[in-house]
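1. Have a look at this fold, sequence not included:
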């Protein structure tokens with residue numbers, strides 16, 4: 001019996017991919033598996049655009065799986081997302097992956113398996129005090145760098161070096177972690193032109209602020225989530241937290257955040273183009289395509 005293809009609906013922020021994925025899941029007897037790195041956390045709803053009301057009766061996974069303030073990594077996401085996909089398949093339903101975190105989508109489709117690398121206290125102590133540039137140089141000397149997420153902070157650069165050292169000391173586990181690409185994956189991107197995307201980003205930001213996004217951040221802080229942890233999540237939580245702390249006026253917050261989201265969407269598209277260069281085919285469908293036509297196209301691509 002031929003295995004069911006893994007359907008992936010992705011695209012930049014504000015492209016409407018959640019609604020598209022729900023339409024597809026409803027049509028094929030599917031369940032959603034989120035591929036959004038920030039929707040993992042409970043209480044971070046408006047700022048991450050969970051839009052849970054759009055799901056209706058469609059079950060979803062990898063949303064609200066950890067408390068705000070924690071920092072899940074790619075290893076944890078892949079482990080739990082693959083488990084969810086297995087559970088959905090065992091139920092006789094179809095998994096539909098939906099999200100715009102390109103690293104998650106690419107790793108999931110490519111079948112990357114990451115061993116649980118333990119902390120190396122001695123190594124960490126030896127790297128303590130080094131600058132981000134120094135750590136980047138060390139990491140670059142150890143492996144070919146494929147993406148800047150390895151080195152965008154000192155903490156992540158140290159962790160990347162720690163993982164690379166572990167692989168060198170445990171070659172069997174490194175070999176087992178080599179990708180086993182899913183040949184049955186159907187990746188559909190929701191394509192939206194730059195000006196329309198910018199309009200929708202601004203419109204959505206205004207709507208979410210009006211719906212209480214600032215109060216959401218205040219509530220998280222009141223419940224004990226560290227402002228530094230919220231700032232770590234970036235985008236909405238960074239700028240809203242700085243506003244709540246009195247470091248940015250409302251207008252400064254809005255202008256800075258709007259610019260940051262536009263830049264984020266641009267980086268998302270850069271990642272997706274990189275995925276295509278790395279051999280993953282993305283079938284791009286217009287954001288404003290008729291819903292029935294969109295679903296029919298996805299079903300045809302998946303052989304349903």
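-> Great, that's in hand. These numbers were taken from a predicted model, which means no experiment stands behind them.

2. only C-alpha atoms for contact and neighbour calcs from this point on.
-> Fine.

3. For this structure, which element, helix or strand, carries the lowest mean pLDDT?
-> helix 171-176 (a mean of 61; mean pLDDT, DSSP states H and E).

4. after that helix comes which helix or strand?
-> Counting by DSSP states H and E, the next helix or strand C-terminal to helix 171-176 is strand 186-191.

5. Give me the residues contacting that next one.
-> With contacts defined as CA atoms under 8 Å, 6 or more residues apart in numbering, strand 186-191 is touched by 5-12, 15-17, 281-287, 298, 301-302.

6. Take these and keep only those in helices.
-> Secondary structure assignment by DSSP state H places 17, 298, 301 of those in helices.

7. residues contacting the second one?
-> In other words, residue 298. Residue 298 neighbours (CA under 8 Å, 6+ apart): 24, 188.

8. Check the gap between it and residue 89 for me.
-> 18 Å (CA to CA, to the nearest Å).

9. Could you do the first one as well?
-> Separation of residue 17 from residue 89 (CA to CA) stands at 22 Å.

10. higher neighbour count, the two?
-> Comparing residue 17 with residue 89 by other CA atoms under 10 Å, the one with more neighbours is residue 17, at 22 against 16.

11. What score does that one have for pLDDT?
-> Per-residue pLDDT puts residue 17 at 97.

12. Same question for residue 208.
-> Residue 208 is given a pLDDT of 97.

13. Go through the helix or strand that contains it and flag the buried ones.
-> Using DSSP H and E, the element containing residue 208 is helix 194-210. By 16 or more other CA atoms under 10 Å, the buried positions in helix 194-210 come out as 197, 198, 200, 201, 202, 205, 209.

14. now swap in stretch 250-266 and tell me
-> Using 16+ other CA under 10 Å as the test for burial, stretch 250-266 gives 250, 253, 254, 257, 258, 260, 261, 262, 265.

15. what's the answer for stretch 64-80, then?
-> Those buried within stretch 64-80 under the rule 16+ other CA under 10 Å are 64, 68, 69, 75, 77, 78.

16. Just send these back as a markdown table, with pLDDT too.
-> Below are the buried residues of stretch 64-80 laid out as a markdown table (pLDDT from 0 to 100):
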| residue | pLDDT |
| --- | --- |
| 64 | 97 |
| 68 | 95 |
| 69 | 92 |
| 75 | 82 |
| 77 | 91 |
| 78 | 91 |
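
17. Could you list which of the residues you listed belong to helices?
-> The helices, defined by DSSP H, take in 75, 77, 78 from the buried residues of stretch 64-80.
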